[in-house]
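1. Turn this into a model:
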Amino acid sequence: MITREDLTGLILAGGQGRRMGGRDKGLEPFAGRTLVAHVRDRLAGRVAEVLINANRNPEAYTPLADRVIPDAEGGYQGPLMGIYSGLRAATTPWLLVVPCDSPALPHDLVERMVERLADGDGESEGECDIAVAFDGERLHPVVALIRTALADDLAEALACGERKIDRWYARHAWCRVDVSDCPDAFANLNTDDEKQRLERALDGAPSATRVSP
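-> Model prediction:
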């Protein structure tokens, strides 16, 4: 049984924000708070430690994290490098990865991911080492629960030039976690218009699913 003390949360906020004009996406305002603050709410109290992977503005992220960690290697090498950095920094057996720009993730995300691993019925034979969120149509590989013992394997993959998350996952026993009942959970917020549309959608949603101010 995976408990709170077995889990480290990692919020990926290390990108360059190219599609938002180079702005630091995690610090963008959304419904009165920063995007990263909404995401942190999904982890706080449910994991032993919250890490934020950030390559800019660490002082702005520090109040929201137990630790702020940069990429293990420079050059903005993508989310797989951020995941590796979290796996290497974590002191627990499991790392729960989430992106900084998904403020509508379900509040019970941690419980869903852990319960799915406990089921043990994966896409490949054997016990699952990775659980990946699934919206009913596609996987969302930056929302995943990963065994931290895979850090060395990922280091080898990165050294060989691998940068595709799904290809690295496919090397291991993995399972999907159904989050299809939360249609806005994985809304892609790359522009101001997309942020405003989600704000309006959530403002009109039932109180049980509304993003907290």
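2. Below-threshold pLDDT in this protein: ranges please.
-> For the chain, applying pLDDT under 70 flags the ranges 16-21, 120-126, 188, 204-213.
3. which secondary structure elements does the longest strand seen in the chain contact?
-> If you go by DSSP state E, the chain has its longest strand at strand 139-147. Under the contact criterion of 3 or more Cβ pairs under 8 Å, 6 or more residues apart in numbering; DSSP states H and E, strand 139-147 touches helix 79-89, strand 94-99, helix 109-119, strand 130-134, helix 165-169. Quick note: C-beta positions are derived from backbone N, CA and C, even for glycine.
4. how does it look with 7 Å?
-> strand 94-99, strand 130-134, helix 165-169 (3 or more Cβ pairs under 7 Å, 6 or more residues apart in numbering; DSSP states H and E).
5. In TSV: these, plus mean neighbour count and distance to Glu59.
-> Converted to TSV, these look like this (neighbours: other Cβ atoms under 10 Å; distance: least, Cβ to Cβ, whole Å):
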stretch	mean neighbour count	distance to Glu59
strand 94-99	25	21
strand 130-134	24	30
helix 165-169	17	29
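6. For Gly22, which of these is the nearest?
-> strand 94-99 (17.6 Å; Cβ to Cβ).
7. between that closest one and strand 139-147, how many degrees?
-> Orientation check (axes from the mean of the first three to the mean of the last three Cα atoms, to 10 degrees): strand 94-99 against strand 139-147 gives 150 degrees.
8. Direction included, what does strand 94-99 pair up with?
-> Strand 94-99 has the following sheet partners, assigned by DSSP bridges: strand 7-13 (parallel), strand 139-147 (antiparallel).
9. Please point out which parts of stretch 149-161 sit buried.
-> 150-151, 153-154, 157-158 (16 or more other Cβ atoms under 10 Å).
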